[in-house]
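**Q** Pasting the sequence and the predicted coordinates here, then a few questions.
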Amino acid sequence: MKPYEIIDHTADIGLRIYGKDWEALLKNAGFALFDLMTDAASMEPKIQVPFSLKGKNREDLFLHWLRELLYLFSTKQFVFKDFNFQELTENRLKGIAQGGIFDPKSHEQRMEVKAVTYHQFKLEEQKSGWVAEVILDI
Amino acid sequence: MGGRGYFGYMIPLKKIDDFRWEIPVSYKKGMRVPGLVFADEKLLATIQLDQALEQVANVAFLPGIVRYSLAMPDIHWGYGFPVGGVAATDPEEGGVISPGGIGFDINCGVRLVRTNLTEEDVRPRLRELVQALFQNIPCGVGESGDIRVPKNEAKKMLLKGARWAVEQGFGTLEDLEYSEAGGCLEGADPEAVSERAYERGSTQLGTLGSGNHFLEVQVVDQILDPAAAEKLHLELGQVTVMIHSGSRGFGYQICEDSLEAAQRALTKYNITVPDRQLACAPVHSPEGKRYLGAMRCAANYAWNNRQCLMSLTRNVFERFFNRSFRDLGMELIYDVAHNIAKMETYEVNGRQKTLCIHRKGATRAFPPGHPELPQAYRDLGQPVIIPGDMGRNSYLLVGTNQAIEETFGTSCHGAGRVMSRAAAVKDAKGRSIEKELEQKGIIVMGRGKKGLAEEQPAAYKDVNQVVEVVHNAGIARKIVRMRPVGVIKG
């Protein structure tokens, strides 16, 4: 299963993210966000950062997760490639992210993500697993 | 005439004249006012390709909206509001403020700087000049600037507006006079700003960003109103510099924080809107006041950002030409915001009313005689700066009385995208946008791998068409046209 694909939006960018289960969906969403900004897969894992999040429900947790990662990128330049979840429910997520620190001089620059929007946000459980659609402001 | 909407159903459009189309209030139950779209038939055809017109109708649901939900000819699909959408709400009538009516990049805007150089002065060393700008103006993904603003200092900056940057040595006091609102919105509330916003803003002052933000070296290529151009000290062949950026991560975070609060306010104040991203709160409510206080902080951050970017640009020109920026005539013509909410006074049904004007991807266009204009522009009108794509043109227009009467003193803001980023990359496959532009005499440097393909000229509407509509509709007046010769992109 491919982790994500780009969906068209006139001014910005949409992501359709897949996951065989809820855990895979969140991990793939994290990967997709960093993959838009740089070549996350080639980052050497040098740092480990703990995270702990709560949401009102699944949708809320999903959006919080992406916003948390974007915040960590824009303030600390962290780019994560692996996530180890220690606790995961439909509205709670705790674990450790692994990755490196982005250096604009040596790492590939793709696009700057300004924000994770609510616009046309979708989260669905299907026969094959979970699918989410989210539009990012570029 | 009806337009085939994105979902395949018809959005009824009543033709008023060649440049005005009305979406009747009867189109959707819950619309409080009609929609008014400025476009000609050709632009309308591209506008109808996405959901922008549906969004114009949705904005008409906002409590306290006055007269019309307005759309400029460069509209395209946004979040809640279309980009290119304008709405005035009356706080005395329960009028709301909606963060989605301003956007994530609060006070994204444009400034235009004149020089006394001509194309002949820059053409022989153009590549080196663009290279020098590219090396010295921080731009691109994850790029931070050299200016650090810890929280305590940031609070002072947010209250002072661009004056703060001038006090730090970035530019002159005279620059402030040539900026919308003098580069500072009153009523900024640094206590309404989250820790995260302070963090995100602390290293991004004096950075361009990426996406559609840019810095361009341009040449005046058409004089459309010689008398007005003379007042603006602009001649054919003269070099100008245009800077397009906003409030960076600071503003994005404030928008994000406020959307959550606005969602809660919908329930609290029993407001029904057809799209979550139109979440809003009454202007006079605690939630509304808090957002306005934070939004004004972001607006003031953005004016500092563009002030610093201009100062960095002057430094590059000074070193490059070995002359002072004053000697190079590098004066600010004007700075406009195109994602902002302002409290402004208009006559509504014979009464003077202070309204909350949302401009999302729309530029203020005040007429001659307006008290907010600097003395030098009092009999000219406010300069309205309209950037186009990197291969065609940009414009300098001035505001009109017609804009005051019809659009709450507002005009368009740019070309507006017509192609998605993915479609633009696909379209550019096998081509080098950089080389194509070079053949047209434009040197472009960008950091992002796909950035230039995404931002290629064909991804945008032709700004000439957009400007033609606002000029012919009378909501701004053309003065000069520029064409790019050097572009840096994030």
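**A** Cool, the structure landed.

**Q** any idea how far the residue nearest the centre of chain A lies from residue A:130?
**A** Of all residues in chain A, the one closest to the mean position by CA atoms, centre = their mean is residue A:30, 2.2 Å from it. Applying CB to CB, to the nearest Å, the value for residue A:30 to residue A:130 is 14 Å. Placement of C-beta: from N, CA and C, glycine included.

**Q** same check, this time on residue B:349
**A** Taken as CB to CB, the span from residue B:349 to residue A:130 is 53 Å.

**Q** quick one, which of these two is more surrounded?
**A** Each of residue B:349 and residue A:130 has its neighbours counted (other CB atoms under 10 Å in any protein chain shown); residue A:130 has more, 22 against 7.

**Q** per-residue pLDDT, that one?
**A** pLDDT, residue A:130: 98.

**Q** what do you get for the one 4 residues further on?
**A** The predicted local distance difference test score for residue A:134 is 96.

**Q** Looks like it contacts residue A:66 (just checking).
**A** Yes: contact criterion CB atoms under 8 Å: residue A:134 and residue A:66 qualify, at 6.8 Å.

**Q** Mutual contacts of those two, please.
**A** Common neighbours of residue A:134 and residue A:66 (criterion: CB atoms under 8 Å, 6 or more residues apart in numbering or on different chains): A:29, A:116.

**Q** need the strands for chain A, in chain order.
**A** Residue ranges of the strands in chain A, as given by DSSP state E, are A:4-7, A:13-19, A:47-54, A:78-88, A:92-101, A:115-116, A:122-126, A:129-137.

**Q** elements contacting the fourth one?
**A** The helices and strands touching strand A:78-88, judged by 3 or more CB pairs under 8 Å, 6 or more residues apart in numbering or on different chains; DSSP states H and E, are helix A:22-37, strand A:47-54, helix A:58-76, strand A:92-101.

**Q** With the first one instead?
**A** Counting contacts by 3+ CB pairs under 8 Å, 6+ apart, the secondary-structure elements packed against strand A:4-7 are strand A:13-19, helix A:22-37.

**Q** now these in TSV, with distance to chain B?
**A** Below are the helices and strands packed on strand A:4-7 laid out as TSV (distance: least, CB to the nearest CB, whole Å):
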stretch	distance to chain B
strand A:13-19	6
helix A:22-37	6
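
**Q** nearest to residue B:342, of those?
**A** Comparison of the helices and strands packed on strand A:4-7 against residue B:342 by CB to CB identifies strand A:13-19 as nearest, at 29.7 Å.

**Q** Residue of the stretch 201-350 of chain B closest to chain A, please.
**A** Closest residue of the stretch 201-350 of chain B to chain A, CB to the nearest CB: residue B:210 (3.9 Å).

**Q** For that residue, the count of nearby residues, please.
**A** Close neighbours of residue B:210, defined as other CB under 10 Å, add up to 28.

**Q** Check residue B:321 too.
**A** Residue B:321 has 17 neighbouring residues, counting by other CB under 10 Å.

**Q** who's in contact with it?
**A** Listed by CB under 8 Å, 6+ apart, the contact set of residue B:321 reads B:117, B:121, B:328.

**Q** before we move on, what about residue A:98?
**A** Going by CB under 8 Å, 6+ apart, residue A:98 touches A:45, A:47, A:48, A:49, A:80, A:81, A:82, A:83, A:84.

**Q** which SS class is residue B:413?
**A** Applying DSSP: H, G, I helix; E, B strand; the rest coil to residue B:413 yields a three-state assignment of coil.

**Q** Touching, it and residue B:340? I think so.
**A** No: counting by CB under 8 Å, residue B:413 does not reach residue B:340; the two are 10.8 Å apart.

**Q** Please name the nearest non-neighbouring residue to the residue nearest the centre of chain B.
**A** With distances taken as CA atoms, centre = their mean, chain B has residue B:338 as the residue nearest its mean C-alpha position (2.6 Å). Among residues not flanking residue B:338 along the chain, residue B:413 sits closest, at 4.0 Å (CB to CB, 6 or more residues apart in numbering or on different chains).

**Q** distance of that neighbour from residue A:115?
**A** For residue B:413 relative to residue A:115 (CB to CB), the value is 19 Å.

**Q** go on, residue B:367?
**A** 35 Å.

**Q** What is the helix or strand hosting residue B:37 packed up against?
**A** Element membership of residue B:37, judged by DSSP states H and E, is strand B:35-38. If you count contacts as 3+ CB pairs under 8 Å, 6+ apart, strand B:35-38 packs onto strand B:20-23, helix B:52-59, strand B:65-76, helix B:463-473.

**Q** returning to that earlier point: now for the helices and strands packed on strand A:4-7, which one comes closest to residue B:442?
**A** Taking CB to CB, strand A:13-19 is the member of the helices and strands packed on strand A:4-7 nearest to residue B:442, at 25.6 Å.

**Q** three-state assignment of the closest residue to residue B:66 other than its chain neighbours?
**A** Spatial nearest neighbour of residue B:66, excluding adjacent residues (CB to CB, 6+ apart): residue B:88 at 4.6 Å. Under three-state DSSP, residue B:88 falls in the strand class.

**Q** beta partners for residue B:88?
**A** residue B:357 (DSSP bridges).

**Q** Quick one, grab the pLDDT at it.
**A** pLDDT for residue B:88: 98.

**Q** higher neighbour count, residue B:367 and residue A:115?
**A** residue A:115 (24 against 20).

**Q** Next up, the contacts around the more buried one.
**A** By CB under 8 Å, 6+ apart, residue A:115 lies in contact with A:67, A:70, A:136, A:137, B:104, B:252, B:255, B:256.

**Q** The fourth one: how many residues sit nearby?
**A** Counted by other CB under 10 Å, the residues lying close to residue A:137 total 23.

**Q** Over to the second one?
**A** Neighbouring residues of residue A:70 were enumerated by other CB under 10 Å; the total is 23.

**Q** circling back to that earlier point, hang on, isn't the residue of the stretch 201-350 of chain B closest to chain A packed against residue B:488?
**A** No: at 11.0 Å, residue B:210 does not count as touching residue B:488 under the criterion of CB under 8 Å.

**Q** Mutual contacts of those two, please.
**A** Common contacts of residue B:210 and residue B:488 (CB under 8 Å, 6+ apart): residue B:139.

**Q** before we move on, the earlier item: looking at the helices and strands packed on strand B:35-38, which is closest to residue B:409?
**A** strand B:65-76 (11.3 Å).

**Q** From the contact counts, what lies against the closest one?
**A** If contacts are counted by 3+ CB pairs under 8 Å, 6+ apart, strand B:65-76 sits against strand B:35-38, helix B:41-47, helix B:52-59, strand B:83-89, strand B:410-411, helix B:463-473.

**Q** Quick check: residue A:125 vs chain B, distance?
**A** Here residue A:125 is placed at a distance of 21 Å from chain B (CB to the nearest CB, to the nearest Å).

**Q** beta partners of that residue?
**A** Beta-bridge pairing for residue A:125 (DSSP bridges): residue A:130.

**Q** quick one, what contacts residue B:482?
**A** Listed by CB under 8 Å, 6+ apart, the contact set of residue B:482 reads B:218, B:219, B:220, B:221, B:240, B:242, B:393, B:394, B:395, B:396.
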